[in-house]
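Colleague: Everything below, folded, please.
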Amino acid sequence: MTKFTNVIKVSIQSRLRMTTRLLMINLIVVAVSFVFTLFVSTVRPYWSLSLFLNLLFWIIIFAIAIMVQMIISSRNNLRSNRFRLIPITETKLYVADSLSSLISFIYANIIQVIILFVSLKLLWLTLPNDDIGAGFRAGFIHGNSHSGGVGGNLASLLSPILIIMLVHLVDFFSTFILNYIPGGAQKFVKIIVYLVVISIAVYLIFNVIKILYSLFTGNLVHQATSIWLANGVIAALVIVVGAINIYLLRRVETIR
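Modeller: This is a model prediction of the structure:
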């Protein structure tokens, strides 16, 4: 496996298999939780609404689980002899690893959006014509929840990639840069780095949740400018942090 395209192909296949397993577990968990809600007599007439809400809740949970699994898989690759000894440059190795994560997120998003769309369509057709049903339909129409936009989707893809790269940065920084800092100051510096990275991660997650919420309030169109500005900042950070990680990767030894 000496070609860049072969490394990308193998990396993508591995990540897609992992993502598919998590998506299957996601559907099983949704099915089990949905069945339990049907035992509540007041919920039973609104079974399609219950199904949609179960899907929405668990999709968010498993989106985080997919990101965590990507972080673990990526770290194992970048710190393993098997991956690092492939006869191509560290830049290509890192790009291949990051690209496989991005494609896996795109794949997961497409599957989740299709499932949510089918569930939403079913909800629209089967929800009773009572006050709850009328209120939901009115909120959906006037809230313009279908106006997702490319900007919101792009932010939901770039943010987890940046978070993964920030985790790489902490890992590489801890194993390389801190070796040149006196032992007494290492813990303090490490805490500062973790606090900065956690703050950025929380900020990114908060803004993605804010974008998702705006889908259901109809404010996404009015926030288009700020969303695209945020996308530009995130994309710039991906490039900068990625470049730093590639520089550090060349100087970080494998541990497996």
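Colleague: for the protein, what spans make up the helices?
Modeller: In the chain, the helices defined using DSSP state H lie at 4-37, 47-78, 81-84, 90-126, 131-143, 149-176, 183-215, 224-249.
Colleague: pull the helix or strand with minimum mean pLDDT from this structure.
Modeller: Every helix and strand of the chain was ranked by mean pLDDT, DSSP states H and E. The lowest is helix 131-143, at a mean of 56.
Colleague: Can you list the low-confidence ranges for the protein?
Modeller: Within the chain, the stretches falling below the threshold (pLDDT under 70) are 1-2, 128, 130-157, 177-187, 189-190, 193, 197, 201, 203-231, 254-256.
Colleague: what about 80?
Modeller: Per-residue confidence for the chain (pLDDT under 80) gives these ranges: 1-4, 40-46, 48-49, 60, 81-87, 123-159, 170-171, 173-235, 251-256.
Colleague: Adding mean neighbour count, write the helices of the chain out as a markdown table.
Modeller: C-beta here means a position set from N, CA and C on the backbone, and glycine is covered the same way. Shown next, in a markdown table, are these (neighbours: other CB atoms under 10 Å):
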| stretch | mean neighbour count |
| --- | --- |
| helix 4-37 | 15 |
| helix 47-78 | 18 |
| helix 81-84 | 14 |
| helix 90-126 | 17 |
| helix 131-143 | 13 |
| helix 149-176 | 20 |
| helix 183-215 | 14 |
| helix 224-249 | 16 |
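Colleague: quick one: Ile164 and Leu102 touch, right?
Modeller: No: counting by CB atoms under 8 Å, Ile164 sits too far from Leu102 to count as a contact (9.4 Å).
Colleague: where do the contact lists of these two overlap?
Modeller: Common neighbours of Ile164 and Leu102, counting by CB atoms under 8 Å, 6 or more residues apart in numbering, are absent.
Colleague: Distance check, Gln112 against Ile61.
Modeller: Distance of Gln112 to Ile61, computed by CB to CB, to the nearest Å: 12 Å.
Colleague: Please save the CA atoms from stretch 239-254 in CSV.
Modeller: Provided in CSV are the C-alpha atoms of stretch 239-254 (Å, rounded to 0.1, in the frame of the first residue of the first chain):
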residue,chain,number,x,y,z
ILE,A,239,-6.3,24.3,7.9
VAL,A,240,-4.2,26.0,10.6
VAL,A,241,-4.6,23.2,13.3
GLY,A,242,-4.2,20.5,10.6
ALA,A,243,-0.9,22.1,9.4
ILE,A,244,0.4,22.3,13.1
ASN,A,245,-0.6,18.6,13.6
ILE,A,246,1.3,17.5,10.5
TYR,A,247,4.4,19.4,11.7
LEU,A,248,4.1,17.7,15.1
LEU,A,249,3.3,14.3,13.7
ARG,A,250,6.7,14.2,12.0
ARG,A,251,8.3,14.5,15.4
VAL,A,252,6.0,12.2,17.5
GLU,A,253,7.0,8.6,17.8
THR,A,254,4.6,5.7,17.6
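Colleague: Check the gap between Arg79 and Asp97 for me.
Modeller: Computed as CB to CB, the Arg79 to Asp97 distance reads 11 Å.
Colleague: before we move on, what about Trp47?
Modeller: 42 Å.
Colleague: And for Ile110?
Modeller: Going from Ile110 to Asp97 by CB to CB gives 21 Å.
Colleague: Could you do Ile8 as well?
Modeller: 9 Å.
Colleague: now do Trp58
Modeller: 28 Å.
Colleague: Give me the neighbour count for Ser41.
Modeller: 7 (other CB atoms under 10 Å).
Colleague: Just read off the phi/psi values of it.
Modeller: Note on Ser41: its backbone torsions stand at phi -60, psi -30 [degrees, to the nearest 10].
Colleague: I'd like the distance between it and Trp47.
Modeller: As judged by CB to CB, Ser41 and Trp47 stand 11 Å apart.
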